[in-house]
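**Q** fold the stuff below for me.
(2 chains)
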Amino acid sequence: MSNLQIFVILSGIVLTILIAWYFWFAPKERTLATVSGSGAQEVAITVKGGYTPDVIVVQKGRPVRLTFTRHESSACSEKVLFPDFNQNANLPEGEQVTLEFTPDKVGEFGFQCQMGMLRGKLIVELQENA
Amino acid sequence: MKVHDPVCGMGIEPQSAFAKRDHLGKTFYFCSQACADQFDKDPHRYVMTSATTGFNPERILTRIELPVSGLPIKEHSTHLESVLRALDGVGEVKVNATTNRLEVQYDAQKVHVSKLVSAVKSIGFQIGGAKVKIGIENLRCASCVKFIEDELKATQGVLNATVNIATQEASVDYLPQNTTLSELNKAIETWGYKPRPATSDAPVHKQEEAHAKEYRKLMNKFWFAAAISMFVMITAYYQVVPFLRDWSMDSLRYLWGGTALLTLPVMFWSGSDFFTGAWASFKHRSANMNTLIALGTGAAWLYSTFAIAFPSVFPEGTSEPFYDVVAVVIALVVLGQALELRAKGQSSSAIKKLLGLQAKTARVIRDGNGMDIPVEEVLVGDVIQVRPGEKIPVDGVIVEGSSAVDESMLTGESLPASKKMGDEVIGATINKTGAFKFRATKVGKDTALAQIVKMVQDAQNSKAPIARLADTVSGYFVPIVMILAVWTFVIWFVIGPQPQLVYALVTSVTVLIIACPCALGLATPMSLMVGIGKGAEHGILIRSGEALQTARAIQIVVLDKTGTITKGKPELTDVVTMDGGQWTMEEILRFSASVEKVSEHPLAQAIVEGAQARKLELAEVKDFEAIPGHGVSAKVEGQNILIGNLKLMNRENIALGSLEEKSKSLADDGKTPMFITLDGKAAGIIAVADTVKEDSAEAIAVLQKMGIEVVMITGDNRRTAEAIAKKVGISKVLAEVLPEDKANEIKKLQSSFSNSLVSNIVAMVGDGINDAPALAQADVGLAIGTGTDVAIEASDITLIKGSLKGVVTAIEVSRATMTNIYQNLVGAFFYNILGIPVAMGALFPFSGLLLSPLIAGAAMAFSSVTVVGNANRLRGFKPKFSVR
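**A** A predicted model of the protein is given here:
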């Protein structure tokens, strides 16, 4: 086996580990919802090739107000779904669309576009000072 | 001749005027620059005043009433008043806190209504006016925009108006009580433009427009990529091109350099979405289809460019580029996306159909005048006139007139329903024969149609449990494919044949390109959307994907008796005469109906309706008396009449003869017999019963044929229950079940046949109100809804048409949809499970077969189109029982 071949094999192993680490094991940045004057937990989310932010932490039992703005015309992302809360909204390009609901359960819940290409996560935690 | 300055009112000679202006075909003269400037600011204001003098010397204050909402007006009324008074030209301000109305007297020359409105809004109130969009045909000149806006603003009752030249639409805020749509249209017509219905505010239309735009964009990108691909292909297969094959390697390399540049716009314009999408998701530590395409084409381009730039680095024969892969794959995938988009548009046709049912305008009677207003502006309490052949705009109750109404679009019921005063009418149904007026009870998003649409949309976007599997898989899918691509490269490089580098690269690029997470992701939602839409078309509202999936496997259907199998309303069934008695059937019925007309008992109602159906004339009743627990007594045409049960007959010592036997057999049939005596002698029996719906037996037979066990549940006594069950062919009857125990019985059925570990899947069909706990306990709760009461909370499925055939259709829709989903999922899984190993070269050692990346691109593009196409096949679904 030539040195080049060994190098390629080692690179393959390193790349595999990198891919697995980057996409699965690395901790993701979490965005805490800010509580507005009206008491709702508000987050503005930009939709372009993905949801920014895509991991959102909210508290249980308090209304959540998510404002989506879609900055692309690709039909993929024209809808956003929260299947666990039976919420969904059409996102016309460039328009702010607000989705409001009160999470009634604790846990991690995905949100996504209709075909699941873009994904985000809503983490509902117990209210700390309840 | 003296004229008046329209601004200050001064009388001036036209010749000596300081300035003049032509506006709206009239000439105005001004005494000074200040007045002319003032006029220029808002010329329209001065046109509204007297046409003859150009000035209104009396300055009569205009009075306007504005409906205000948004805040508790009681607490803020003083603030509101002071804000308005602060405006120049505002006279008296009255706030009516109970009616939430604001009355303002103002000088129309000094202040425009829109100023008042913005002042009110500035402190947090809302003006409860209506908003309408009116399309304007062929609106092209930008300067006309201002004129039309002014004209609209000058129309009485208009609060604000803006004209958008891009959409060719005017959007007008106005008070519906002060103006009508036709007035607004007239204002547009005065400027020589033709108003048309606005299109931009229909959400479906908007989405469709966005889709059409996106489709055109994708097709442009495709054609561009395809054109470049043609050229790049020629250079890639130079060996077979007559002119090119004679070129030297060096000149070819220059040609390839050219194609490298040519493919750049293909990547970064045609394929821009892949690269931006890939980068965006990479930042989020996630990967999707875009990542795969971007990696695949990007790697191919980089390799090719290196190969032609530094040919000496590469082994002999490996320095040829494959720009063709880059261009062709992008062209194909973009084409696939365009086709997918087109197919998707068809999938949502059910919602489009439902929304299309909505009437556009309503003829509302306000202050005694009929006016056509857009349906969005109809308020609860409005009286609306409907003429024959017209659509009923909103939900309401008839207050005048009667008619037959075709409700098939919502209920699937093909026969027109007859409607009279006090009856409910549903928006979007069609008035057939008579004219009537009705009072609106539900408008806007509360109407039955709006709720149906909302429910269907929500359900279409919900998730079937089966989709979770696909979701979990696709969450790991793309990184796994990337890892597979890496190892494909490594293996080909290490143990592959010569030229190793080329083989390694081509195969790993092919792996990246053939993998199609989209087909997996699309498999369930597309079918669900079509299936749930299909259900809605047949009067079956499925609340969620979960309900749809469970309904497929229903093993036991429990039917509530009253109102589900039966009509839920007693009807006259038999009139029996005494053997050798002197009274005919008609006379007995006429006498008893005359008596019962006074009673309010539901059984009495059935008798009266039975007599009316036979066109019998009812007589006057005297001395009516109810005998609790027994019956009634009264006097009709001099006859003493008793109507009641056996207890009453025994108490009065009436000889019943053969009647007693007959009453028993009637009771055995599940009917309620009542004895009639005339002048102390038994005359006959009248029997009423809750009758079975015409199509119940047929539907139950079909359910049984489908292999589903049908069980009847009722609180009624066993005898009545058995009688009904026999009629409709049900052998298992749960009778005398208290309402609160129904849920328990369902639980028992779920765990019966305990030979299997899994519980039975039990569906409960009931009326949604009394049966709510049982509906909730069942695996699938089907509520039979009637009229506007469609969104029944406890149920998973609502059958709008009150027929059991809906149960059959619901199961059929569910089975068809689930089959379709399985096909899609299996297809998508197999595509990837077979496609990826072939792309890796699994067949190469045996047959030397290797997939070209070009074929992989085509396969990937069309696999998702196939999924959408297969889902669209569901649109051809036809239920066993045709509803139309």
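**Q** sec struct for residue B:781, please.
**A** strand (DSSP: H, G, I helix; E, B strand; the rest coil).
**Q** how about it, nearest residue that isn't a chain neighbour?
**A** residue B:775 (3.1 Å; C-beta to C-beta, 6 or more residues apart in numbering or on different chains). Backbone N, C-alpha and C define where each C-beta goes, glycine included.
**Q** ok but that neighbour is inside a strand, no?
**A** No. Counting by three-state DSSP, residue B:775 is not found in a strand; it is helix.
**Q** pLDDT at it, what is it?
**A** Looking at residue B:775, its pLDDT reads 85.
**Q** that one - how many residues pack around it?
**A** By other C-beta atoms under 10 Å in any protein chain shown, the residues close to residue B:775 number 30.
**Q** wait, it touches residue B:795, no?
**A** Yes. The criterion here is C-beta atoms under 8 Å, and residue B:775 meets it with residue B:795 at 5.3 Å.
**Q** quick check: phi and psi on residue B:852?
**A** The phi/psi pair for residue B:852 (degrees, to the nearest 10) reads phi -80, psi 140.
**Q** in which helix or strand would I find the closest residue to it other than its chain neighbours?
**A** Among residues not flanking residue B:852 along the chain, residue B:510 sits closest, at 7.4 Å (C-beta to C-beta, 6+ apart). In the assignment (DSSP states H and E), residue B:510 maps to helix B:500-514.
**Q** ok, back up a step: distance of the residue nearest to residue B:781 from chain A?
**A** 18 Å (C-beta to the nearest C-beta, to the nearest Å).
**Q** repeat for residue B:663
**A** Distance, residue B:663 to chain A, using C-beta to the nearest C-beta: 54 Å.
**Q** and whichever residue of the stretch 501-650 of chain B sits closest to chain A, how far from residue B:674?
**A** Going by C-beta to the nearest C-beta, chain A is nearest to residue B:521 of the stretch 501-650 of chain B, at 3.8 Å. Residue B:521 sits 65 Å away from residue B:674, going by C-beta to C-beta, to the nearest Å.
**Q** these two - which one has more neighbours?
**A** residue B:521 (29 against 25).
**Q** touching, that one and residue A:81? I think so.
**A** No. Applying C-beta under 8 Å as the test, residue B:521 and residue A:81 come out as separate, 11.7 Å apart.
**Q** for the stretch 501-650 of chain B, what spans make up the strands?
**A** In the stretch 501-650 of chain B, the strands defined using DSSP state E, counting those that start in this stretch lie at B:540-542, B:556-560, B:566-577, B:622-627, B:631-636, B:639-644.
**Q** what's the most buried one of the ones you listed?
**A** Highest mean neighbour count among these (mean count of other C-beta atoms under 10 Å in any protein chain shown): strand B:540-542, with a mean of 28.
**Q** partners of it in the sheet?
**A** Note on strand B:540-542: by DSSP bridges, its sheet partners are strand B:797-799 (antiparallel).
**Q** quick check: mean pLDDT of the strand it pairs with?
**A** pLDDT averaged over strand B:797-799 gives 87.
**Q** so how far is that strand from its chain's centroid?
**A** 15 Å (C-alpha atoms, centre = their mean, to the nearest Å).
**Q** with stretch B:392-412 instead?
**A** Worked out by C-alpha atoms, centre = their mean, stretch B:392-412 lies 19 Å from the chain centre.
**Q** ditto for stretch B:325-336
**A** That offset, for stretch B:325-336, works out to 36 Å (C-alpha atoms, centre = their mean).
**Q** the residue nearest to residue B:852 reaches residue B:854, doesn't it?
**A** No. When contacts are counted by C-beta under 8 Å, residue B:510 is not listed as touching residue B:854 (9.2 Å).
**Q** compare these two and say which one has the larger neighbour count.
**A** Shown here are residue B:510 and residue B:854; by other C-beta under 10 Å, residue B:510 has more neighbours (31 against 20).
**Q** how much space between that one and residue B:866?
**A** Counting by C-beta to C-beta, the gap from residue B:510 to residue B:866 is 19 Å.
**Q** how much space between the residue nearest to residue B:469 when sequence neighbours are not counted and chain A?
**A** Closest residue to residue B:469 apart from its sequence neighbours, by C-beta to C-beta, 6+ apart: residue B:825 at 7.8 Å. Residue B:825 sits 13 Å away from chain A, going by C-beta to the nearest C-beta.
**Q** could you point out which element follows the helix or strand where residue B:825 lies?
**A** In this assignment (DSSP H and E), residue B:825 forms part of helix B:805-840. Using DSSP H and E, the helix or strand that follows helix B:805-840 towards the C-terminus is helix B:844-847.
**Q** so what's the residue count around residue A:7?
**A** 11.
**Q** got the phi and psi for it?
**A** phi -60, psi -40.
**Q** ok, residues contacting stretch A:72-81?
**A** A:47-49, A:51, A:68, A:70, A:87-93, A:99, A:111-115, A:117-118, B:207, B:210-211, B:213-214, B:217, B:273, B:276-277, B:337, B:341, B:344, B:461, B:463 (C-beta atoms under 8 Å, 6 or more residues apart in numbering or on different chains).
**Q** put the alpha carbons of that stretch into CSV.
**A** The C-alpha coordinates for stretch A:72-81 follow below in CSV (Å, rounded to 0.1, in the frame of the first residue of the first chain):
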residue,chain,number,x,y,z
GLU,A,72,-36.4,33.3,-0.5
SER,A,73,-38.8,32.2,-3.2
SER,A,74,-38.0,28.5,-3.2
ALA,A,75,-41.3,26.7,-2.8
CYS,A,76,-39.8,24.3,-0.3
SER,A,77,-40.0,26.7,2.6
GLU,A,78,-43.4,28.3,1.9
LYS,A,79,-45.0,26.6,4.9
VAL,A,80,-43.8,26.1,8.4
LEU,A,81,-45.3,23.3,10.5
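**Q** on the three-state scheme, the residue of chain A found nearest chain B is what?
**A** Sorted by distance to chain B under C-beta to the nearest C-beta, the residues of chain A start with residue A:49, at 2.7 Å. Look at residue A:49: counting by three-state DSSP, its state is coil.
**Q** before we move on, what about residue B:64?
**A** Quick answer, by three-state DSSP: residue B:64 is strand.
**Q** list the residues that contact the residue nearest to it when sequence neighbours are not counted.
**A** Using C-beta to C-beta, 6+ apart and skipping residues adjacent in sequence, the residue nearest residue B:64 is residue B:104, 5.5 Å away. With contacts defined as C-beta under 8 Å, 6+ apart, residue B:104 is in contact with B:63-66, B:84, B:90-94, B:116.
**Q** filter those residues down to the buried ones, PyMOL style.
**A** Selecting only the buried entries of those in PyMOL, with 16 or more other C-beta atoms under 10 Å in any protein chain shown as the criterion:
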select buried, chain B and resi 64+65+66+84+90+93+116
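**Q** could the contacts of residue B:104 go into TSV alongside pLDDT?
**A** Output for those, formatted as TSV (pLDDT from 0 to 100):
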residue	pLDDT
B:63	66
B:64	70
B:65	68
B:66	71
B:84	80
B:90	80
B:91	77
B:92	77
B:93	79
B:94	76
B:116	76
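**Q** who are the packing partners of whichever strand or helix holds residue B:229?
**A** Secondary structure assigned from DSSP H and E places residue B:229 in helix B:203-236. Using 3 or more C-beta pairs under 8 Å, 6 or more residues apart in numbering or on different chains; DSSP states H and E as the contact test, the elements touching helix B:203-236 are helix B:249-265, helix B:323-347, helix B:349-356.
**Q** which bits of the stretch 201-350 of chain B sit near chain A?
**A** B:203, B:206-207, B:210-211, B:213-214, B:217, B:273, B:276-281, B:283-290, B:337, B:341, B:344 (C-beta under 8 Å from any C-beta of the partner chain).
**Q** contact partners of stretch B:267-277?
**A** Contacts of stretch B:267-277 (C-beta under 8 Å, 6+ apart): A:48-50, A:72, A:74, B:221-222, B:224-225, B:288, B:290-291, B:293-294, B:297-298, B:301, B:326, B:330-331, B:333-334.
**Q** buried ones among those?
**A** A:48-50, A:72, A:74, B:221-222, B:224-225, B:288, B:290-291, B:293-294, B:297-298, B:301, B:326, B:330-331, B:333-334.
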